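[1] Prediction below, plus the sequence it came from.
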Amino acid sequence: MKTSNCKFTFGVVSLFPDFVRHVTEYGVVRKAAQNNLITVKSWNPRDYANNSHGSIDDSPYGGGNGMLLQAEPVALAIEAAKQELGTDCKVCYLSPQGKVLTQKTLTQLSKTNKLILLAGRYEGVDARVIKSHVDFEISIGDYILTGGELPAMILIDGITRMLDGVLHGEFSNTEESFMQSLLECDHFTRPSVWRGKTVPEVLLSGDHEKIAKWRKEHALMKTKNQRPDLL
């Protein structure tokens, strides 16, 4: 299904759904939400706790530090999300053990029209619910955060800006870093001289062919120097 013919629905399973919804209050994501291009819905595992205290975490079997989110409330929250969004909706668990997020992954995910994001907390989620209810895992890098809410917001932002009608300008996406496996070239704006530092003369020339050549060469040089792993 083409993204231009439908809006994208994000389902977020999180203990802090209001935190994640903040991503829709600023910038292009806010505009996309206002224009009904995206919707962010949430399900809190606490609402599915099966005890009088409303607790949804417990210590891990075998010992160890921290607490784990229990399988049942997480599973019930995901199932409730799927009941509304459709049983075919994929579930992504934000985890440091997942595949590292790339622009290619964001592009692929933007081709769908819905996605459930599972944000863990504490030491993670009972492995049984991951195996039974999660389709794939994504990491935003090799470091540890206190929860999956920030990674979920990154995915919402990254996918949203790939959708038709969100960004202005035909080449807004295709010319950005990573879209062509290269970093972007440097950009400059007025004034042309700032504290003695000048803008490259070619960018002031008005010669679009020369400017395009400079940008391509500079992007390649910048990638070689800063991210040779991309080449």
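    Alright, I've got the coordinates.

[2] Could you use CA atoms for every contact and neighbour count after this?
    Noted.

[3] Residues in contact with the helix ranked longest in the chain: which ones?
    As assigned by DSSP state H, the longest helix anywhere in the chain is helix 208-226. For helix 208-226, the external contacting residues (CA atoms under 8 Å, 6 or more residues apart in numbering) are 182, 183, 184, 185, 186, 202, 203, 230, 231.

[4] Give me the buried entries from those residues.
    In these, burial by neighbour count holds for 182, 183, 184, 185, 203, counting by 16 or more other CA atoms under 10 Å.

[5] Let's have the residues you listed in CSV, adding pLDDT, distance to residue 119 and secondary structure.
    Formatted as CSV, those follow (pLDDT from 0 to 100; distance: CA to CA, whole Å; DSSP: H, G, I helix; E, B strand; the rest coil):
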residue, pLDDT, distance to residue 119, secondary structure
182, 86, 31, coil
183, 88, 30, coil
184, 89, 31, coil
185, 90, 35, coil
203, 96, 44, helix
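
[6] Need these in CSV (columns: distance to residue 209).
    Below are these laid out as CSV (distance: CA to CA, whole Å):
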residue, distance to residue 209
182, 19
183, 20
184, 17
185, 15
203, 11
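
[7] List the contacts of the residue nearest the centre of the chain.
    Centroid-nearest residue in the chain, with CA atoms, centre = their mean: residue 155, separated by 1.0 Å. Contacts for residue 155 (CA under 8 Å, 6+ apart) come out as residue 106.

[8] SS state for residue 73?
    helix (DSSP: H, G, I helix; E, B strand; the rest coil).

[9] which one is residue 40 nearest to, not counting chain neighbours?
    residue 10 (4.8 Å; CA to CA, 6 or more residues apart in numbering).

[10] Can you verify my assumption that the one you found contacts residue 114?
    Yes: with contacts counted by CA atoms under 8 Å, residue 10 reaches residue 114, the gap being 5.7 Å.
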